[in-house]
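Enquirer: my questions are about this predicted structure, shown below with the sequence.
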Amino acid sequence: MAMKRMVSDVKSEKLAQELKDLETRGDDELKNRWRSLYGTKPPQKIHRTLLIAAVAHRMQENALGALKSSVRRHLMQAANNPATPRPSPHYPSLRPRAGTVLVRDWGGVTHQAKVLEDGILFRSKRYKSLSEVARVITGSRWSGPLFFGLKSAKEQNHGTR
């Protein structure tokens, strides 16, 4: 029993290291890895972080086993069943509606950012995300929703809304 445990510990440590190493791999190497793991070409415009996540997922499935087909079938049925509870459309979203103006005092200055349909307007310039605006204001990496008070630090750390 002890020998078997040691072998599985070594295997899981090796897998953990391989997963960590994916971050350092070049895009071409990651795309080749996708091809060998999925047997298809990766989507042309796939973002690097999604490519890494998909490769890591398949590596873990191969090493640790995937969901049983009966479980996968059950989850798909639940997802396609209209009776499956869905989050209320009134559930608070971290993304405020277009037109909302967010205000934040920082460094003795009051900053205002306007939420657009497709981004954020700040100092007459368009940004993709609140996090980009927070970075411009503070000069360091911030969660935009946390910086503008849409999410508390406690929620940020626990990943809840």
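Expert: Okay, I see it. What you are looking at is a predicted structure, and each value in this text was computed from that prediction instead of being measured.

Enquirer: what's the helix or strand for residue 110?
Expert: If you go by DSSP states H and E, residue 110 is part of strand 109-116.

Enquirer: buried sites along that strand?
Expert: Counting neighbours by 16 or more other Cβ atoms under 10 Å, one finds that the buried residues in strand 109-116 are 111, 113, 115. Using the backbone N, CA and C atoms, a C-beta is placed for each residue, glycine as well.

Enquirer: in JSON lines: those, plus distance to residue 77 and pLDDT.
Expert: As requested, the buried residues of strand 109-116 are exported to JSON lines (distance: Cβ to Cβ, whole Å; pLDDT from 0 to 100):
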{"residue": "111", "distance to residue 77": "48", "pLDDT": "92"}
{"residue": "113", "distance to residue 77": "43", "pLDDT": "94"}
{"residue": "115", "distance to residue 77": "37", "pLDDT": "93"}
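
Enquirer: give me the sheet partners of the very next helix or strand once past the strand holding residue 110 and which way each runs.
Expert: From strand 109-116 onward toward the C-terminus, using DSSP H and E, the following helix or strand is strand 119-122. Strand 119-122 pairs in its sheet with strand 109-116 (antiparallel), strand 125-127 (antiparallel), by DSSP bridges.

Enquirer: lowest average confidence across these, which one?
Expert: Looking at the strands paired with strand 119-122, the lowest mean pLDDT belongs to strand 109-116 (a mean of 92).
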